[in-house]
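A.B. asks: here is my input, please return the structure:
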Amino acid sequence: MSYTQEVEARLRAEAAQIIGRYPTGHERSALLPMLHLVQSEDGYVSADGIALCADVLGLTRPEVSAVATFYTQYKRHPNGDYLVGVCTNSLCAVMGGDEIWEAVSEHVGVGSDETSESGKITLERLECNAACDYAPVVMVNWEFFDNQTPESAIALVDDLEAGRPVRPTRGPNTVATFKEIEHVLAGFPDGRVHEGPSAGEASLLGVRIAAENGWTAPVAIEGAADTASENSESTEGQA
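C.D. replies: Predicted coordinates:
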C-alpha cells in the first residue's frame, strides 16, 4: 500500500471503530461503510483502499472489488469535490429534469460520471431521489436542491466552481465536500445533523390536512395478520 504510515494508522483505527458496531462473527458487514471511509480519504475506491479493506476484514481483493463495483455510490475513479446529480427519472423528467441535465452537461462540458477540468464538479445522471414532491430535483453531495430550472442549476454549478457557498433547500446550512460527506456516510457524524429543515411544506402538506380534518390511520386489528395467513393456507390446501 502507498498510504503514509500516519494515514494508514488513522484509517485502520477508524476501520476498527466501524467493525466494532457489528456483532462478533459479522465483521465483514463493515465493508460498506469502510468503502465510504476509503472514499473520504481518496475521493474514490482506490486500489490502496481495496487492499486495506481486504486486509482488515480477511477478504480477497476481488471480493472487495465485487462489492465496490455493484453500488453506484462507490466511485472507481477520482470524484470531484462536488458530485452534482440531476434526477431524470419519471416525474423529474416530466417536470423538466431532462432539460436541466442537458443544460448543465453542456455548460460544464462533461457527461455522466465525468469530472470538470478544474476537478471540482462531477456530474451524474441520477435515478429517483425520493423527492418527487419537489421535482425536478438536483443533488449536490446528496443534499437536496428542489424545484430546479436549467437556469438555477447552471447558477448552482457556477457557484460551486467559483468556490462560493451554496445552501441546500433542506438540510445543513452549507454543502460539505464529497470527501467530508463520505466520512459522514462511513458513520462519523459531522455535528450538523440539526442544521436546516429536514422536510418542507410539500412533504408535510398531507399530514397537516389530516390533522385539520381529524383523520387518523386505520387501527390494526389484533390477529388480522394471523387470520389472513390461515385463510391463505386453507385456500392453497383446497387448490
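
A.B. asks: for the chain, which spans come out with low pLDDT?
C.D. replies: The chain contains residues with pLDDT under 70 at 1, 223-239.

A.B. asks: phi and psi next, for Glu102.
C.D. replies: Dihedral pair for Glu102: phi -60, psi -40, per degrees, to the nearest 10.

A.B. asks: grab the nearest non-local neighbour of it.
C.D. replies: In space, and not counting its chain neighbours, Glu102 is closest to Pro150: 7.9 Å by Cβ to Cβ, 6 or more residues apart in numbering. Where you see a C-beta, it was placed from the backbone N, CA and C, and this is true even at glycine.

A.B. asks: how many residues are close by the one you found?
C.D. replies: Applying other Cβ atoms under 10 Å, we find 17 residues neighbouring Pro150.

A.B. asks: doesn't Trp101 make contact with it?
C.D. replies: No - shown here, Pro150 and Trp101 do not form a contact pair, counting by Cβ atoms under 8 Å, at 9.0 Å.

A.B. asks: and the residue nearest to Glu102, how far from Ile121?
C.D. replies: Pro150 sits at a distance of 16 Å from Ile121 (criterion: Cβ to Cβ, to the nearest Å).

A.B. asks: what does Val45 give?
C.D. replies: Taken as Cβ to Cβ, the span from Val45 to Ile121 is 20 Å.

A.B. asks: show me what the helix or strand hosting Gly85 is packed up against.
C.D. replies: Assigned by DSSP states H and E, Gly85 belongs to strand 82-87. Packing partners of strand 82-87 (3 or more Cβ pairs under 8 Å, 6 or more residues apart in numbering; DSSP states H and E): helix 98-108, strand 121-126, strand 138-140, helix 150-162.

A.B. asks: partners of the very next helix or strand once past the shortest one in the sheet?
C.D. replies: It refers to strand 138-140. Toward the C-terminus, strand 138-140 is succeeded by strand 143-145 as the next helix or strand (DSSP H and E). Here strand 143-145 is paired, per DSSP bridges, with strand 138-140 (antiparallel).

A.B. asks: and Val207, which of the three is it?
C.D. replies: With DSSP: H, G, I helix; E, B strand; the rest coil as the basis, Val207 sits in helix.

A.B. asks: now for the spatially most central residue of the chain: which residues touch it?
C.D. replies: Relative to the mean C-alpha position of the chain, the nearest C-alpha, by Cα atoms, centre = their mean, is the one of Trp142, at 5.1 Å. When contacts are counted by Cβ atoms under 8 Å, 6 or more residues apart in numbering, Trp142 touches Leu83, Ile181.

A.B. asks: please tell me how far it sits from Asp190.
C.D. replies: Distance from Trp142 to Asp190, by Cβ to Cβ: 13 Å.

A.B. asks: how is the chain partitioned into domains?
C.D. replies: According to the TED database, the chain comprises the domains 5-70, 82-178.

A.B. asks: quickly find the element holding the residue nearest to Leu185 when sequence neighbours are not counted.
C.D. replies: Among residues not flanking Leu185 along the chain, His36 sits closest, at 4.2 Å (Cβ to Cβ, 6+ apart). For His36, the element it lies in under DSSP H and E is helix 31-42.

A.B. asks: could you say what helices and strands that helix packs with?
C.D. replies: Checking 3+ Cβ pairs under 8 Å, 6+ apart, helix 31-42 ends up next to helix 5-19, helix 47-57, helix 61-68, helix 178-185.

A.B. asks: contacts for stretch 29-47?
C.D. replies: 3, 7, 11, 14-15, 18-19, 21-22, 48-50, 52-53, 56-57, 59, 64, 67-68, 71, 73-79, 178-180, 182-183, 185-187.
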